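>>> take a look and give me a structure for this.
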Amino acid sequence: MLLCASQSLGNGHALDGEIVLRNIGSPELGDRPGMVLASPLGRQMLASYVDWKESICDASPGYHELARSWTGSQLGLLDHFLIREWRNISADLVRRAFRHAVMDTSDWRWRIAEASERQLIEDLASATGDYGFNLENEAVWGLTHIGAAELAPVAVALVSAAGAGQWWNSVSLTDQRFVGWDDRPPLRGADLESTVEAASRELRSSNGGRGPNADWRSSNYGSLWWSSPSFAEESWTVNRVAGIWSTGLLYFTDAYGPGDDPDRLIASPASPGLWQLSMDPSARIYEVSGPADWAALVNRFPCDVSRTHGDDWSRWSGAPGPWILPDWSRVAESYDGVHVSIGGYISSCGLGIPVHDGYSMLAGWLPGATLWLKDVIVTVTQLTGRQLS
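Below you'll find the model as predicted:
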């Protein structure tokens, strides 16, 4: 759901965009709950900690009639009904259901408070599963926006949890982790620079002309919906997260993880390859800690991607476009890498973010990843024989 302009949902609720764009830079702790609540992915994760679907459905006209003829699972019934009817459910009913879900049980409090860094990042990975491809997602985004105020205690608990203490940290140049699927090392030197330039040139070419790109509309993809460039898998690295060697070993939708290719098995001795890196301490890093940072990057280095990305992004957000992403070859003239912190991603993903010439979206990014545009590696060590869980 779009949070950058006033828009009616048709069920007694209007979207308010004033909470989307905050000051550039790492947000203060008190700002973080509101930023997570503003984000579709953030609310989707928050809602996963409480039981709310059944109470909404049970109080909705038509649900019990559908249930009498339903032959599938209870969860499937709830999802089917919400996909079909969520726009017709009254805002008061939605708010009441979330209020009761949050207040009637304290299970979510200890679950979040006791979660390790690894457990919370796995919860986030679970929330991104099938992100955008399942119509249930759009129902969840819309309903949780209506119930955002009721989910506020969950947001406060999440951003205050010890397991989320590193979520808004900047890039750690002394310890970066690269996962090379098919045992491929990170791109280096002139190979990296030429790949960045070629990918940027291809994206500009695909978005020349008017109207949706016919090649993409006729392909299996429908449209490109991820914000990361085509070379990301061969470039980006992540900070260390306690309990797991790299978050790149988890499945985040279209972030080039193991779930993107069924043949990629973590247990395989040849896949993935693991590299531990240190970077030049003088490396020029652009930090994305929230939607305002992403908007500023796009405004400075714009590339219109409406033809390749517009279909899904307009449907998800309600924003008409034009749709703009960073021109990575131009970014590379000023920065060696762009780091999207875990907190920056969860507070931005799925938003129709206003920029000077239209809107942008941050989606399909590996949370916490730094996209390297220049080779600033100082030391690189390939790890072998390490057992991963």
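
>>> CA only for contacts and neighbour counts going forward, please
Fine.

>>> going along the chain, name the strands of the stretch 101-250 of the chain.
Residue ranges of the strands in the stretch 101-250 of the chain, as given by DSSP state E, counting those that start in this stretch, are 176-180, 237-238.

>>> how far away from the center of its chain is the first one?
By that I understand strand 176-180. From the chain centre to the centre of strand 176-180 is a distance of 19 Å (C-alpha atoms, centre = their mean, to the nearest Å).

>>> list the contacts of that strand.
With contacts defined as C-alpha atoms under 8 Å, 6 or more residues apart in numbering, strand 176-180 is touched by 186, 233-234, 236-240, 245-246, 248-249, 271-279.

>>> and the shortest one, by the same measure?
Where contact means C-alpha under 8 Å, 6+ apart, the residues beyond strand 237-238 that reach it are 171, 176-179, 246-248, 368-372.

>>> what about 10 Å?
171-173, 175-180, 186, 245-248, 275-277, 339-342, 366-372 (C-alpha atoms under 10 Å, 6 or more residues apart in numbering).

>>> please pick the buried ones from those residues.
171, 173, 175-180, 186, 245-248, 275-277, 339-342, 366-372 (16 or more other C-alpha atoms under 10 Å).

>>> next step: those residues restricted to helices.
Judged by DSSP state H, helices contain the following of the buried ones among the contacts of strand 237-238: residue 342.

>>> from residue 54, how far out is the residue sitting furthest away from the middle of the chain?
In terms of distance from the mean C-alpha position of the chain, residue 68 ranks first, at 37.1 Å (C-alpha atoms, centre = their mean). Counting by C-alpha to C-alpha, to the nearest Å, the separation of residue 68 from residue 54 is 15 Å.

>>> same check, this time on residue 365
As judged by C-alpha to C-alpha, residue 365 and residue 54 stand 32 Å apart.

>>> who has more neighbours, these two?
More crowded of residue 365 and residue 54, by other C-alpha atoms under 10 Å: residue 365, with 24 against 16.

>>> quick check: beta-bridge partners of residue 324?
Beta-bridge partners recorded for residue 324 (DSSP bridges): residue 304.

>>> from here on, call the first residue 45.
Got it, the first residue is 45 from now on, which makes the last one we talked about residue 368.

>>> show me what contacts it?
271, 339, 342-343, 345-350, 353-354, 397-405.

>>> next, give phi and psi for residue 148.
Backbone torsions for residue 148, taken as degrees, to the nearest 10, come to phi -80, psi -10.

>>> that one: neighbour count?
11.

>>> so who does it touch?
94-95, 142.

>>> looking at the residues you listed, which is nearest residue 423?
Comparing the contacts of residue 148 against residue 423 with C-alpha to C-alpha places residue 94 closest, at 44.6 Å.

>>> any idea how far residue 415 is from the residue lying closest to the closest one once chain neighbours are set aside?
Nearest non-adjacent residue to residue 94, counting by C-alpha to C-alpha, 6 or more residues apart in numbering: residue 145, 5.9 Å away. Applying C-alpha to C-alpha, the value for residue 145 to residue 415 is 39 Å.

>>> could you do residue 100 as well?
Distance, residue 100 to residue 415, using C-alpha to C-alpha: 41 Å.

>>> please apply the same query to residue 280.
Applying C-alpha to C-alpha to residue 280 and residue 415 gives a distance of 4 Å.

>>> joint contacts of the two?
272, 381-383, 409.

>>> mind picking the two most distant members of these?
381 and 409 (14.1 Å).

>>> state which helix of this protein is the longest.
helix 233-250.

>>> with only the CA atoms kept, save that one in CSV.
Extracted C-alpha coordinates of helix 233-250, given in CSV (Å, rounded to 0.1, in the frame of the first residue of the first chain):
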residue,chain,number,x,y,z
GLY,A,233,39.1,-4.7,-10.7
ALA,A,234,38.3,-4.0,-14.3
ASP,A,235,35.9,-6.9,-14.5
LEU,A,236,33.7,-5.3,-11.8
GLU,A,237,33.8,-1.9,-13.4
SER,A,238,33.0,-3.1,-16.8
THR,A,239,30.1,-5.2,-15.4
VAL,A,240,28.6,-2.3,-13.6
GLU,A,241,28.8,-0.2,-16.8
ALA,A,242,27.3,-2.9,-19.0
ALA,A,243,24.4,-3.6,-16.6
SER,A,244,23.6,0.1,-16.3
ARG,A,245,23.8,0.5,-20.1
GLU,A,246,21.4,-2.5,-20.5
LEU,A,247,18.9,-1.1,-18.0
ARG,A,248,18.9,2.3,-19.8
SER,A,249,18.4,0.6,-23.1
SER,A,250,15.5,-1.6,-21.9
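
>>> what's in contact with that helix?
Under the contact criterion C-alpha under 10 Å, 6+ apart, helix 233-250 has outside partners 230-231, 256-260, 273-276, 278-279, 347-352, 370-374, 376, 416-421.

>>> mark which of the residues you listed are buried, thanks.
230-231, 256-257, 260, 273-276, 278-279, 347-352, 370-374, 376, 416-421.

>>> what's the host helix or strand of residue 144 packed up against?
Per DSSP states H and E: residue 144 is located in helix 135-147. Contact partners of helix 135-147 among helices and strands, from 3 or more C-alpha pairs under 10 Å, 6 or more residues apart in numbering; DSSP states H and E: helix 84-91, helix 97-102, helix 151-157, helix 179-190, helix 196-204.

>>> and the angle from that helix to helix 84-91?
For helix 135-147 against helix 84-91, the angle by axes from the mean of the first three to the mean of the last three C-alpha atoms, to 10 degrees is 50 degrees.

>>> just the CA atoms of helix 135-147, as CSV, please.
Output in CSV follows, covering the C-alpha atoms of helix 135-147 (Å, rounded to 0.1, in the frame of the first residue of the first chain):
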residue,chain,number,x,y,z
ALA,A,135,-11.5,-0.5,9.2
ASP,A,136,-13.0,-0.7,12.7
LEU,A,137,-13.2,-4.4,12.5
VAL,A,138,-9.6,-4.6,11.4
ARG,A,139,-8.3,-2.4,14.1
ARG,A,140,-10.3,-4.3,16.7
ALA,A,141,-8.9,-7.6,15.6
PHE,A,142,-5.3,-6.4,15.7
ARG,A,143,-5.9,-4.7,19.1
HIS,A,144,-7.2,-8.0,20.6
ALA,A,145,-4.4,-10.0,18.9
VAL,A,146,-1.7,-7.8,20.5
MET,A,147,-3.3,-7.5,23.9
